[in-house]
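Participant: Whatever this is, show me its structure:
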Amino acid sequence: MEVITGGVTAAKGFKAAATAAGIKYKDRTDMAMIVSEVPAACAGTFTSNLVKAAPVKWDQEIVSEEECAQAVVINAGIANACTGTQGMEYCRKTAEAMERVTGIPAKQVLVASTGVIGMQLPMEKLVFGVEAMANKLSDSITSGKEAACAIMTTDTKSKEAAVTFEIDGKTVTVGGMCKGSGMIHPNMCTMLGFLTTDLCISKELLKEALCEDVKDTYNMISVDGDTSTNDTVLLLANGMAGNAKITKKDHNYQKFTEALNYVNTALARKMAGDGEGATALFETKVIHADTKEHAKLLAKSVICSSLTKAAIFGHDANWGRILCALGYSGAAFDPENMELYFQSKAGQIQIYKDGIATEYSEEDATKILSEEEVTVLADMKMGEAEATAWGCDLTYDYVKINADYRS
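Facilitator: Purely as a prediction, here's the structure:
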């Protein structure tokens, strides 16, 4: 597997475009489009929130009932959530506009929205955006980058990843882009993710690969504990790499799942590190837990702890908050028989062992915690299971951003 430059246009046969439709923002692009040259197998995972935005409902129907999809239209600024029957009509009109200008059947057009909940979309601007982007579609890396920038809301940077690997002498590519900065919490989070691959694979295995991988990637991140109404991850596979179709879980399927995991992990980490107001990516690794389920509970409990997140922001080695978060996770363990460490590019330091603090240097600990990526390592000394979760520090700016988000 080789990491390459690019995102949704890295795989063969995928094009993208972006435009400034003026939906909410006045000084930036706010719509993106992804199109496959040929119909593609599609899979998706969606928010666990009972309050689901209209685009989520639209996409769920297409993913479950249609054999393939060929395009995705995304807007930023307005979420099209809690918009009643009119919201579903917006989805239909967007897809129909796409059909008029590209010929792609409306039932093969997926849609996604992100932004303020409860506002109605300006449909004439959305249609204008579809028409403008249809004339700009390109398979260039630049077009993929522009699409990734257009879907941002409070994100401070665009998020892309891509890899290539070989199957039976054919080069296969998996690429993706996502957005997410706030309202991010495990069990699908305001994250949108779009993945493309030129692999030829059955729809059933594509769905299984995505659903399994989400559990260890996007569902292991949290910024603020809020699960959005709009969370969507879509995966399109158009088969243009020319490999023999994957219909069983053989070594070729394994290669694909490893590549998919790399891309999803990279994107998940980028979202967590770009949490609203964040200054650091906060990672928790749990090792030697008794079960995978308990390892996940423990890791997520730490990165979700507001007190721990605040301590990371203050570069304060307040390990008591970490131990407390582990203790209320719901997973049983012996606090008298475990170890805690801080890690970063500045080094590693043990801070807790077998029930008491170690004789660590506060100065060294602060130096380690001052890096842009900080890891808590928890060795539970119980078994061989492990899990990793990603979050960010909690800063003053998080409150400022969310206090006036609608304005």
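
Participant: burial measure for residue 343, as a count.
Facilitator: Close neighbours of residue 343, defined as other C-beta atoms under 10 Å, add up to 18. Bear in mind the C-beta positions are built from the backbone N, C-alpha and C, glycine included.

Participant: Am I right that it sits in a helix?
Facilitator: No: per DSSP: H, G, I helix; E, B strand; the rest coil, residue 343 lies outside any helix segment and is strand.

Participant: In terms of pLDDT, where does it sit?
Facilitator: Predicted confidence (pLDDT) for residue 343: 97.

Participant: Name the nearest residue to it, ignoring sequence neighbours.
Facilitator: In this structure, residue 343 finds its nearest non-sequential neighbour in residue 375, 4.2 Å apart by C-beta to C-beta, 6 or more residues apart in numbering.

Participant: OK, contacts around the one you found?
Facilitator: 283-285, 342-344 (C-beta atoms under 8 Å, 6 or more residues apart in numbering).

Participant: Distance check, it against residue 49.
Facilitator: Using C-beta to C-beta, to the nearest Å, we find residue 375 at a distance of 29 Å from residue 49.

Participant: before we move on, what about residue 116?
Facilitator: 16 Å.

Participant: So those two - more neighbours on which side?
Facilitator: residue 49 (20 against 15).

Participant: Distance of that one relative to residue 306?
Facilitator: 21 Å.

Participant: and residue 344, bridged to which residues?
Facilitator: For residue 344, the beta-bridge partners are residue 347 (DSSP bridges).

Participant: now do residue 72
Facilitator: residue 34, residue 110.

Participant: about what we covered before: hey, what's the residue nearest to residue 343 bridged with?
Facilitator: Beta-bridge partners, per DSSP bridges, of residue 375: residue 283, residue 343.

Participant: Residue 247 - how many residues pack around it?
Facilitator: Counted with other C-beta under 10 Å, residue 247 comes out at 12.

Participant: how many neighbours does the spatially closest residue to it that is not a sequence neighbour have?
Facilitator: The shortest distance from residue 247 to any non-neighbouring residue, by C-beta to C-beta, 6+ apart, is to residue 202 (4.9 Å). Residue 202 has 15 neighbouring residues, counting by other C-beta under 10 Å.

Participant: got it, and residue 22?
Facilitator: 16.

Participant: what's the answer for residue 96, then?
Facilitator: 15.

Participant: again with the one 3 residues further on
Facilitator: Summarising burial for residue 99: neighbours were counted as other C-beta under 10 Å, giving 17.

Participant: On the three-state scheme, it is what?
Facilitator: The assignment at residue 99 comes out as helix when based on three-state DSSP.

Participant: Grab the nearest non-local neighbour of the residue nearest the centre of the chain.
Facilitator: Central residue of the chain (C-alpha atoms, centre = their mean): residue 268, 4.5 Å from the mean position. Spatial nearest neighbour of residue 268, excluding adjacent residues (C-beta to C-beta, 6+ apart): residue 217 at 4.5 Å.

Participant: Give me the spatial nearest neighbour of residue 230, chain neighbours excluded.
Facilitator: residue 53 (4.4 Å).

Participant: I'd like the distance from the one you found to residue 1, if you could.
Facilitator: From residue 53 to residue 1 the distance is 34 Å (C-beta to C-beta).

Participant: Please apply the same query to residue 373.
Facilitator: 22 Å.

Participant: same check, this time on residue 11
Facilitator: To residue 1, residue 11 is 14 Å away according to C-beta to C-beta.

Participant: okay, these two: which has more neighbours?
Facilitator: Each of residue 11 and residue 1 has its neighbours counted (other C-beta under 10 Å); residue 11 has more, 29 against 13.

Participant: Next up, the contacts around that one.
Facilitator: Per C-beta under 8 Å, 6+ apart, neighbours of residue 11: 162, 173-175, 196-198, 238, 240-241.

Participant: how far away is it from residue 34?
Facilitator: Noted for residue 11: a distance of 11 Å to residue 34, by C-beta to C-beta.

Participant: what is in contact with these two at once?
Facilitator: Shared contacts of residue 11 and residue 34, defined by C-beta under 8 Å, 6+ apart, comprise residue 196.

Participant: the helices in the chain, which residues?
Facilitator: 54-65, 84-102, 123-134, 141-150, 203-216, 251-273, 292-304, 306-313, 319-327, 362-369, 396-403 (DSSP state H).

Participant: Kindly reformat these as a markdown table and extend each row with mean pLDDT and distance to residue 111.
Facilitator: What follows is the helices of the chain, written out as a markdown table (pLDDT from 0 to 100; distance: least, C-beta to C-beta, whole Å):
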| stretch | mean pLDDT | distance to residue 111 |
| --- | --- | --- |
| helix 54-65 | 95 | 5 |
| helix 84-102 | 96 | 5 |
| helix 123-134 | 96 | 9 |
| helix 141-150 | 98 | 14 |
| helix 203-216 | 95 | 18 |
| helix 251-273 | 95 | 20 |
| helix 292-304 | 95 | 30 |
| helix 306-313 | 93 | 33 |
| helix 319-327 | 96 | 38 |
| helix 362-369 | 96 | 42 |
| helix 396-403 | 76 | 26 |
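
Participant: Let's have the ones you listed in CSV, adding distance to residue 15.
Facilitator: Listed next are these as CSV, based on distance: least, C-beta to C-beta, whole Å:
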stretch, distance to residue 15
helix 54-65, 20
helix 84-102, 11
helix 123-134, 10
helix 141-150, 7
helix 203-216, 20
helix 251-273, 19
helix 292-304, 36
helix 306-313, 39
helix 319-327, 45
helix 362-369, 43
helix 396-403, 33
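
Participant: Could you say which one of those helices comes nearest to residue 43?
Facilitator: helix 203-216 (4.1 Å; C-beta to C-beta).

Participant: angle of the closest one against helix 251-273?
Facilitator: Calculated by axes from the mean of the first three to the mean of the last three C-alpha atoms, to 10 degrees, helix 203-216 forms an angle of 40 degrees with helix 251-273.

Participant: Need the contact partners of helix 203-216.
Facilitator: 41-45, 63, 67-68, 188, 195, 201, 233, 235, 237, 246-249, 253, 256-257, 260-261, 264-265, 387.
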